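Undergrad: Next one to model:
(chains A and B)
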Amino acid sequence: MANHAAHTSHHYTSTGLDSKKIAIWTFIGSECMLFASLISTYLIYKGRSVVGPWPHEWWCAEGNRVAATAAELANCPAGQLYKPILNIPVTSVSTFVLLCSSLAMVLALAAVENRNRPMPPNAGAWQKALRSSKLWLWMTCIMGATFLGFQAYEFTSFVHEGLSIRKNLFGSSFFTLTGFHGTHVTVGVIWLGSLLAIDYKRGLGPKDALQVDIAALYWHFVDVVWIAIFTLIYLIK
Amino acid sequence: MATATAPTYAPPIERKRYGLMDWLTTVDHKRIGQLYLNTAIFFFIFGGLEAVLMRYQLMSPNGTKVSADTFNQLFTMHGTTMIFLAIMPLSAAFFNFLIPLQIGARDVAFPRLNAFSYWVYLFGGIFITLPIFWLGAPDGGWFAYAPLNTRQFSPAHNMDFWVLGIQILGVSSLAAAFNFVTTIINMRAPGMTLMRMPMFTWMSFVVQWLLILAFPVITIALFFLQFDRFFGTTFYSLSAGGDPLLWQHLFWVFGHPEVYILILPAFGLVSEVLPSNSRKPLFGYPIMVYSGIMIGFLGFGVWAHHMFSVGMGPIADTVFALTTLVIAIPTGVKILNWIFTMWGGSVRFTVAMKFAISLIAMFTIGGISGITHASPPSDLQQTDTYYIVAHFHYVLYGGSILGIFAGIYHYFPKIYGRMMDERLGNIHFWINFIAFNLTFFPMHFAGMLGMPRRIYTYDAGQGWDAFNMMSSIGAYLLVVSTSIFLYNFLKSKRSGAIAPENPWDAPTLEWSIPSPPPEYNFAQIPMVTSRYPLWDLTHPERTAQIPHTAVGHDEAAHRTGEHITASGVHESDIAPMHIETERKSAEELGIPMPYPTIKPLWVAFGIVVMLSGLLFLTTNKVLAFSMIGVGAATMITFIYQWLTSPVE
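TA: As a prediction, the model looks like this:
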């Protein structure tokens, strides 16, 4: 079969696109419904938890069946007043980091595609940096891992504040939704990490652009989902 | 039928003998299709026997043959087996076997992923079926309504098997769906435009989209239930304020498209059988395509008609009643177009054709009874009675199963290279047809007289006795007819008359190559000139009225030419529409074939071991974690090996 090496790398396709590219788009379509179900469940259960903690409300005294009224909050004894659990400033930082990772991903793909183009003789440090797929893959991975670190911090601090996955509907739906997203980010980091390993082993060039492109599509999708989650779960009260 | 029984003009084909390892490592879509077909027929018989046991119990009032608990397991496993392990994989057998052949491809887009889908299905099927042997099978209905199935109300392992089993089977369906959508979009022969694809491929295309969009929803619903049962989350917990309708909504958002996942492939098969045997193009091809898409699209907007009795309020009830009624339009269009396909045709009553025609009649009965409960006030009288059981057996047996039988009789020669015995087939057809109606028609009356579903026994004197007796006798007769089918299937596989490449004089690409097709399918990829490329060669008068491109038409040639240069495929790989009768090996022709591989099997096995570990989480932590660990390690190791080894 060696003499048919020319066949094996490029099959005839109806659209001219590689089949993997079509498959990743159908996969992303499926993932949309996965996250749509998770987000819908979160929104349906919003405000239905019978015990605290709650995402956005101050509340008084553990065991209250509902978030406390303004009058109750004013009279709440010291040590019994609980703050809303979502920490928007901290999560804004991790959201920003995750969004920036998409930019790094775009630059990584461009660097892989342009690997064989000659560098202009008077190229500056920035132009040279732009051609380094290793640099941008590292950046993407690190930013993804940073996001995961923030999430680990968020999860542990929530548990310390009394919100576990078993505590109430908010806990169950929140941890499941963000946990699913975190798992997707983890898979993405491992995927990009393997591309990085290949890059170190033999260098990623234009012929690998498709592989990088597919990973990038997945990565951007995971980012876009986070925008929806951050807006619907964190920002809207 | 002269063509059907004439073994003379095709010499006996020396079939390669395949050993066990050949089957375990195959990535050939045709052989994976055979694996699906045989496994699914096994599960069809298994699920049928579960139903017969139920009918044995219900034959007369106050039956004592099985306990209430066993009865719960029987109806749960009957539904689950028939839907997930019989009809869906029977359709998958045809997806696998036919889609690449019908679009002129040499294999699916991802052959190894295809093998993976099958092995996940097999292991998942065994996983969910085994517990019936120690009477520990799932007992919460195929719909598994939570919160009734949370740990609180269902503490034993029964429903654990269901939750994990359906999760596993979902992986199989999703992997297959990505594969087939990609195959249909990207692997079509030159000239095979979307509006020239055979109707079976079109309906399959719609079904793959339904799978892609509906399965994630049940996946999430199952994850919630899994987390509730294993990790103590509160999704379906009433005391924590959980909504008892959450599961119902998520389940039916999946469950209703699932109905079309079950029926559309059968519609597709019938749309192949009818034109071939009427010797006339399909009536209104474009409108058949659009109505199939319309059914798939509307299928996502009708789920709450399964829930009229929960009291959703007048607005929701009205909206879902309307969308449900609207779906009758594209379905009715299909029925009329099939009838018009036969109208004025020169109809040949092969067994496949009889099954196809009986589908039209039986599905229409099921469709009409369906319309009666599309209306909420009428549905409130019918819901949870045997009337509903009658309805969905008329659409699933009278629709899906009859269509699949039509497909099996029609495509058997192509799959196995031998003809099925038409005489036995006729006996099968008639006993099956009478038995089916005897079993399910009386259920309409029993239901109207108030007999509830899912009861394991009933008192005499409520007017149900005679109807139940009839249904049970019908069920026994179905055993007889299915036995005849099974005998015919096994006998014909071994010693049926040798099949020519096109025994039915059919018009589509799969019939232009030898039976059974060689491993590479097409020695030269044909350039497709119309919807009925083979009739363009053999019966041009039949296709005069349909849109065409002439052979070697500039545009087609130009587009092909572009791809040849861009892809480096030899020009000799593509040829004008032709009939292939020669059988050479792939090496002789220089066609690269994917390597056989066992890695997909091990990945599937790892997934099942990993999820099985959850069963022991409460009783034996060491065993549970070692199973999860070993399963995950197996899965990851073989995924790595899979990704780092070349396809061909």
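
Undergrad: Strands of chain A, start to end?
TA: In chain A, the strands defined using DSSP state E lie at A:59-60, A:81-82.

Undergrad: Of those, which is nearest B:Asn158?
TA: Nearest of the strands of chain A to B:Asn158, taken as Cβ to Cβ: strand A:59-60 at 39.8 Å. Where C-beta positions appear, they are placed from N, C-alpha and C, glycine not excepted.

Undergrad: Packing partners of the closest one?
TA: Using 3 or more Cβ pairs under 8 Å, 6 or more residues apart in numbering or on different chains; DSSP states H and E, the elements in contact with strand A:59-60 are helix A:70-74, strand A:81-82.

Undergrad: Against A:Lys20, how distant is B:Ser645?
TA: Distance, B:Ser645 to A:Lys20, by Cβ to Cβ, to the nearest Å: 16 Å.

Undergrad: pLDDT weak spots in chain B?
TA: Applying pLDDT under 70 to chain B flags residues B:1-16, B:549-572.

Undergrad: what's the domain layout of it?
TA: Under the assignment automatic domain parsing, the domains of chain B span B:2-13+B:31-495, B:526-589, B:599-644.

Undergrad: how long is the second one end to end?
TA: End-to-end distance for domain B:526-589: 16 Å, by Cα to Cα, to the nearest Å.

Undergrad: try the last one
TA: Its start and end residues considered, domain B:599-644 measures 11 Å (Cα to Cα).

Undergrad: From the chain's centroid, how far away is it?
TA: Here domain B:599-644 shows a centroid-to-chain-centroid distance of 28 Å under the convention Cα atoms, centre = their mean, to the nearest Å.

Undergrad: what's the strand or helix carrying B:Ile287 in contact with?
TA: Under the criterion of DSSP states H and E, B:Ile287 resides in helix B:285-298. For helix B:285-298, contacts defined as Cβ atoms under 8 Å, 6 or more residues apart in numbering or on different chains pick out B:195, B:199, B:202-203, B:206-207, B:209-210, B:257, B:260, B:264, B:267-268, B:271, B:282, B:323, B:326-327, B:329-331, B:333-334, B:337, B:531, B:546.

Undergrad: swap in stretch A:28-43?
TA: Applying Cβ under 8 Å, 6+ apart, the set of residues contacting stretch A:28-43 from outside is A:173-174, A:176-177, A:180-181, A:184, A:217-218, A:221, A:225, A:228-229, A:232-233, B:174, B:177-178, B:212-217, B:219-221, B:224, B:235, B:246, B:250, B:253.

Undergrad: Could I get the phi/psi values of B:Ala177?
TA: When read as degrees, to the nearest 10, the backbone of B:Ala177 gives phi -70, psi -40.

Undergrad: Tell me which of the strands of chain A is the most buried.
TA: For these, the largest average neighbour count (mean count of other Cβ atoms under 10 Å in any protein chain shown) is found in strand A:59-60, namely a mean of 20.

Undergrad: out of the contacts of stretch A:28-43, which are buried?
TA: Buried by 16 or more other Cβ atoms under 10 Å in any protein chain shown: A:173-174, A:176-177, A:180-181, A:184, A:217-218, A:221, A:225, A:229, A:233, B:174, B:177-178, B:212-217, B:219-221, B:224, B:235, B:246, B:250, B:253, out of the contacts of stretch A:28-43.

Undergrad: A:Arg115: neighbouring residues, count only.
TA: 18 (other Cβ atoms under 10 Å in any protein chain shown).

Undergrad: same check, this time on A:Lys128
TA: Count around A:Lys128 with other Cβ under 10 Å applied: 12.

Undergrad: and what of A:Phe96?
TA: Neighbours around A:Phe96, by other Cβ under 10 Å: 12.

Undergrad: Tell me who's in contact with it.
TA: With contacts defined as Cβ under 8 Å, 6+ apart, A:Phe96 has no neighbours.

Undergrad: cool, and the one 3 residues further on?
TA: A:Leu99 makes contact with A:223, A:227, according to Cβ under 8 Å, 6+ apart.

Undergrad: Can you give me the pLDDT of it?
TA: pLDDT for A:Leu99: 97.

Undergrad: for the one helix or strand B:Phe441 maps to, packing partners?
TA: B:Phe441 belongs to helix B:422-448 when assigned by DSSP H and E. Packing contacts for helix B:422-448, counted by 3+ Cβ pairs under 8 Å, 6+ apart, involve helix B:351-372, helix B:386-395, helix B:402-416, helix B:465-495.

Undergrad: To chain A, which of these lies closest?
TA: Comparison of those against chain A by Cβ to the nearest Cβ identifies helix B:402-416 as nearest, at 23.3 Å.

Undergrad: That closest one to helix B:422-448, inter-axis angle?
TA: Orientation check (axes from the mean of the first three to the mean of the last three Cα atoms, to 10 degrees): helix B:402-416 against helix B:422-448 gives 160 degrees.

Undergrad: Can I get helix B:402-416 as CSV, trimmed to CA atoms?
TA: Provided in CSV are the C-alpha atoms of helix B:402-416 (Å, rounded to 0.1, in the frame of the first residue of the first chain):
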residue,chain,number,x,y,z
LEU,B,402,-42.8,-3.9,8.8
GLY,B,403,-40.6,-1.4,7.0
ILE,B,404,-37.5,-3.1,8.3
PHE,B,405,-38.8,-6.5,7.2
ALA,B,406,-39.4,-5.0,3.8
GLY,B,407,-35.8,-3.7,3.9
ILE,B,408,-34.5,-7.1,5.0
TYR,B,409,-36.3,-9.0,2.2
HIS,B,410,-35.3,-6.4,-0.4
TYR,B,411,-31.6,-6.0,0.6
PHE,B,412,-30.9,-9.6,1.7
PRO,B,413,-29.5,-10.5,-1.7
LYS,B,414,-27.2,-7.5,-1.7
ILE,B,415,-26.0,-8.1,1.9
TYR,B,416,-25.4,-11.9,1.6
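
Undergrad: show me the contacts for B:Pro100.
TA: B:29, B:106-108, B:183, B:187, B:521.

Undergrad: now the helices and strands packed on strand A:59-60 as a markdown table including mean pLDDT and distance to B:Ile591?
TA: A markdown table is the format used below for the helices and strands packed on strand A:59-60 (pLDDT from 0 to 100; distance: least, Cβ to Cβ, whole Å):
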| stretch | mean pLDDT | distance to B:Ile591 |
| --- | --- | --- |
| helix A:70-74 | 76 | 76 |
| strand A:81-82 | 81 | 70 |
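
Undergrad: Look through the stretch 351-500 of chain B and state the residue closest to chain A.
TA: B:Pro376 (22.8 Å).

Undergrad: Touching, that residue and B:Leu322? I think so.
TA: No - the criterion here is Cβ atoms under 8 Å, and B:Pro376 misses it with B:Leu322 at 10.9 Å.

Undergrad: Those two: which has the busier surroundings?
TA: Set B:Pro376 next to B:Leu322 and count neighbours by other Cβ under 10 Å: B:Pro376 wins out with 19 against 13.

Undergrad: Now do the same contact list for B:Asn437.
TA: Per Cβ under 8 Å, 6+ apart, neighbours of B:Asn437: B:362, B:474.

Undergrad: any idea how far B:Leu478 is from it?
TA: In terms of Cβ to Cβ, B:Asn437 sits 11 Å off from B:Leu478.

Undergrad: Now the terminal residues of stretch A:115-135, how far apart.
TA: Its first and final residues considered, stretch A:115-135 spans 13 Å by Cα to Cα.

Undergrad: Contacts for it next, please.
TA: With contacts defined as Cβ under 8 Å, 6+ apart, stretch A:115-135 is touched by A:107-108, A:110-112, A:114, A:196, A:199-200, A:203-206, A:212.

Undergrad: top of those residues by neighbour count?
TA: Counting neighbours by other Cβ under 10 Å, A:Ala108 comes out on top of the contacts of stretch A:115-135 with 29 neighbours.

Undergrad: quick one: the closest residue to that residue other than its chain neighbours and chain B, what's the gap?
TA: Closest residue to A:Ala108 apart from its sequence neighbours, by Cβ to Cβ, 6 or more residues apart in numbering or on different chains: A:Trp136 at 3.5 Å. Distance, A:Trp136 to chain B, by Cβ to the nearest Cβ, to the nearest Å: 22 Å.
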